[in-house]
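S.K.: Prediction below, plus the sequence it came from.
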Amino acid sequence: MATPNFSENYFLDQMKTANLYYGSPLSEARVEPDILAMVNRETAMQYHILPLSLSGEAVVVVTDTQQTFKQRSQLQHILGRPVKIL
């Protein structure tokens with residue numbers, strides 16, 4: 001049985017392919033205070049997210065962990081609106 005050939009940056013490659021990659025430096029992101037206020041500090045720390053913007057009704061957040069994608073439904077429940085994860 002052949003072992004899949006995963007590159008060192010497999011997750012990153014998959015994110016870019018799926019157009020779910022935020023490629024700009026976060027230090028340069030301009031986030032409106034009302035967007036930041038949508039996610040309290042505890043939730044942001046627990047789920048490793050930073051809210052960036054709104055896309056329709058969805059809060060667009062960035063994360064540094066794959067686990068957040070598995071917890072999307074919990075985040076949507078907590079925030080009371082759809083969540084788009086980058």
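M.R.: Looks like it arrived, so ask away.

S.K.: Next, the contact list for Q76, please.
M.R.: 82-83 (C-beta atoms under 8 Å, 6 or more residues apart in numbering). C-beta here means a position set from N, CA and C on the backbone, and glycine is covered the same way.

S.K.: List the buried residues in the helix or strand hosting it.
M.R.: According to DSSP states H and E, Q76 maps onto helix 72-79. Within helix 72-79, the residues that qualify as buried by neighbour count (16 or more other C-beta atoms under 10 Å) are 75, 78-79.

S.K.: and if you look at stretch 50-66?
M.R.: The neighbour-count check on stretch 50-66 (16+ other C-beta under 10 Å) flags 50-52, 54, 59-63 as buried.

S.K.: just to revisit the earlier point, show the subsequent helix or strand relative to the helix holding Q76.
M.R.: Counting by DSSP H and E, the next helix or strand C-terminal to helix 72-79 is strand 83-85.

S.K.: Now tell me what touches that following strand from outside.
M.R.: 20, 49, 55, 58-63, 68-69, 72, 75-76.

S.K.: what's the most distant pair in the buried residues of stretch 50-66?
M.R.: L54 and T63 (16.9 Å; C-beta to C-beta).

S.K.: low pLDDT regions in this structure?
M.R.: Applying pLDDT under 70 to the chain picks out residues 1-8, 11-12, 14-27.

S.K.: Can you report how many residues neighbour the residue nearest to Y47 when sequence neighbours are not counted?
M.R.: Spatially, and ignoring its direct neighbours in sequence, Y47 is nearest to T68 (5.4 Å; C-beta to C-beta, 6 or more residues apart in numbering). The number of residues packed near T68 is 19, by other C-beta atoms under 10 Å.
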